[in-house]
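Undergrad: pasted the sequence and its predicted model underneath.
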Amino acid sequence: MPIAIITLFLAAFCIGTTEFVIAGLLPEISNDLDISIPIAGYLISAYALGVAVGGPIITLSIARAPRKLNLLFLMAIFIAGHVWCATAQGYQMLMVGRLTVALSHGSFFGVASVVAVTIVPEDRRGTAIAWLFAGITVANIVGVPIGTAIGNWLGWRATFWVVGSVAILVFVAMIFTLPKDPTAVGIRPGIRAQISALTNQKVLLSYLVFTFSLIGFWALFTFIAPFLLDVAGISQQKLPFFLFLFGGGATFGTIIGGRLANQHLTRTLAVAYPVQVFAFIIVALGRADLYLVGALLFAFGAIMFLPASALVNRVITSASEAPDLASTLIASAANIGIAVGAVVGAQAVIAGLSYSQLPLIGILFATLAAATMLFSLRLERRAVERIVS
C-alpha cells in the first residue's frame, strides 16, 4: 500500500479518535466546567451536526483548489480546533472548538476518499478506501481508550493536546507523502454542476442506505455497554475485552470489504446488506454463552462494516463530476444516521423498551437499508438492459 494511503489512514485515526473520545471525557468535562453530563453530551450531537452540515459547505467552498492543498488546509483547521478546545475557558468556548474540528471532519473524508482512489490502480480502489476508513475503526480500538485514559489521568484538556500534537506530525507527513493533484486548478465543475451530478439515483439511494444502516446500528451500539452488562451477563471487568472484539471485527470487515469491492462491488452490496438483517436477529437471540457472545460481537462488527468501502466506491464512481462533494455527503449521511440512531435508541428505552429489545430497531432499519440497496441495484440493472437493447 502506498505511503500516502498510510498517511491518510493516520489522519483518519486522529479524526476518529477525536469524534468518539469525547464520550469517555464527559464526566471530566462536566466536573471541570460545572455543567451536567447531559448538557456536556451536547458536545457529541453538535459535533455530528457540524459534520453533516458544515462538511458539504466547506467542500463546495474549496472545490476548485488542489486536493492536496485542501487536505492540508482541513488538517490545519483540525489542529487549530484542538488548540482551541484545550484552552477553552468555559462550555460555550469548548463548543465552538468542537464545531471547528467538526467542520474539517466531513470535508476531509470526502476529499481524502477521492485522493485515495486516484493514487492506486483501479482494481485496488476498494482496498484504498478500506484503509482510509479503517483509521476510524482502529481509533475506536486504540485511540479512544488511550485518549480516555489520558483524560482521566491528566485532565480532559490533555487529550486534546495529545491528539492535536499527533495531528501536527500527520500534517508534516502529508506534506511530503501526498502527491500533487493531477487535476489542474479550475478544471473541476462549479457548484451548480456538482450539485446536479448528485441527482443520480445510485448516489441518492446510497446515501439513504448509509443513513438507514447507521440508524439501526447506533440505536443498539449507543447502549452496547448496558446491553452487554445487563442482557448478555458480561462483567464490568470483561467489558473492554468484548468491546475490543467488536472493534477487531469492524476492522477486519472493513479490510475484507475493501478487497471484495475491488472485484465484486455490486455483488458485495447485494449480499452484505441483507446479511446485516440476519446479524441483528442473531445478536437478539445469541446471548447464552460468553464465548458465543464474543464470537458474535466479532462477526457483528465485521458484517456491519463490510459493505462500507463498496458503497463509498459506488458513490464516487457514480458522481464522477463531483466526487469531492459526493463523498463528503457520505460523512453527512453517516452522522445523520449516528445522531438519529442514538435518539431513536434513547427514546425507545425511555418509552419502556428493554435493552434486550434494541436489536429489533436494528432489524427494522437494516431491512430498510437492504430493501433500498436491492431496489437501487435493480434500477441500475434495468438501465443497463435498456441501453443494451
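TA: Noted; the coordinates are in hand.
Undergrad: buried set for the helix or strand residue 55 falls within?
TA: Following DSSP states H and E, one finds residue 55 within helix 55-61. Of all the residues in helix 55-61, those buried under the rule 16 or more other C-beta atoms under 10 Å are 55, 56, 58, 59, 60. Glycine gets a C-beta too; all of them are placed from N, C-alpha and C.
Undergrad: how close does residue 163 sit to residue 70?
TA: From residue 163 across to residue 70, the span is 21 Å (C-beta to C-beta, to the nearest Å).
Undergrad: just checking, what packs against the helix or strand containing residue 28?
TA: Using DSSP H and E, residue 28 sits in helix 3-33. Using 3 or more C-beta pairs under 8 Å, 6 or more residues apart in numbering; DSSP states H and E, the elements in contact with helix 3-33 are helix 37-40, helix 42-49, helix 67-87, helix 91-118, helix 125-138, helix 144-154, helix 156-177.
Undergrad: run the last query once more with 10 Å
TA: helix 37-40, helix 42-49, helix 67-87, helix 91-118, helix 125-138, helix 144-154, helix 156-177, helix 323-350 (3 or more C-beta pairs under 10 Å, 6 or more residues apart in numbering; DSSP states H and E).
Undergrad: quick check: angle from the last one to helix 125-138?
TA: Right, helix 323-350. 40 degrees (axes from the mean of the first three to the mean of the last three C-alpha atoms, to 10 degrees).
Undergrad: quick one: mean pLDDT for helix 323-350?
TA: For helix 323-350, mean pLDDT rounds to 84.
Undergrad: list of residues touching the helix holding residue 55?
TA: Residues from elsewhere that reach helix 55-61, judged by C-beta atoms under 10 Å, 6 or more residues apart in numbering: 70, 73-74, 77, 102-111, 190-191, 194-195, 198, 322, 324-332, 335.
Undergrad: one more time with 8 Å
TA: Here helix 55-61 makes contact (C-beta atoms under 8 Å, 6 or more residues apart in numbering) with 74, 103-107, 109-111, 191, 194, 324-325, 328-329, 331-332.
Undergrad: can you pull out the low-pLDDT segments for the protein?
TA: Along the chain, the model assigns pLDDT under 70 to residues 38, 181-197, 286-290, 388-389.
Undergrad: I'd like to know which of the buried residues of helix 55-61 is nearest to residue 347.
TA: Set against residue 347, the nearest of the buried residues of helix 55-61 by C-beta to C-beta is residue 55 (26.2 Å).
Undergrad: and that closest one, how far is that from residue 301?
TA: Counting by C-beta to C-beta, the gap from residue 55 to residue 301 is 25 Å.
Undergrad: can you pull the contacts of residue 23?
TA: Per C-beta under 8 Å, 6+ apart, neighbours of residue 23: 44, 144.
Undergrad: chain center to the helix holding residue 28, what's the gap?
TA: 12 Å (C-alpha atoms, centre = their mean, to the nearest Å).
Undergrad: list the buried residues of it.
TA: Going by 16+ other C-beta under 10 Å, helix 3-33 has these buried residues: 4-5, 7-22, 24-26, 28-30, 33.
Undergrad: can you check stretch 218-233 too?
TA: Buried, per 16+ other C-beta under 10 Å, within stretch 218-233: 218, 219, 220, 221, 222, 223, 224, 227, 228, 229, 231, 232.
Undergrad: dump the residues you listed to a markdown table, plus distance to residue 381 and secondary structure.
TA: Below are the buried residues of stretch 218-233 laid out as a markdown table (distance: C-beta to C-beta, whole Å; DSSP: H, G, I helix; E, B strand; the rest coil):
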| residue | distance to residue 381 | secondary structure |
| --- | --- | --- |
| 218 | 31 | helix |
| 219 | 31 | helix |
| 220 | 32 | helix |
| 221 | 33 | helix |
| 222 | 36 | coil |
| 223 | 39 | coil |
| 224 | 37 | helix |
| 227 | 38 | helix |
| 228 | 41 | helix |
| 229 | 46 | helix |
| 231 | 41 | helix |
| 232 | 41 | coil |
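Undergrad: all good on my end, thank you.
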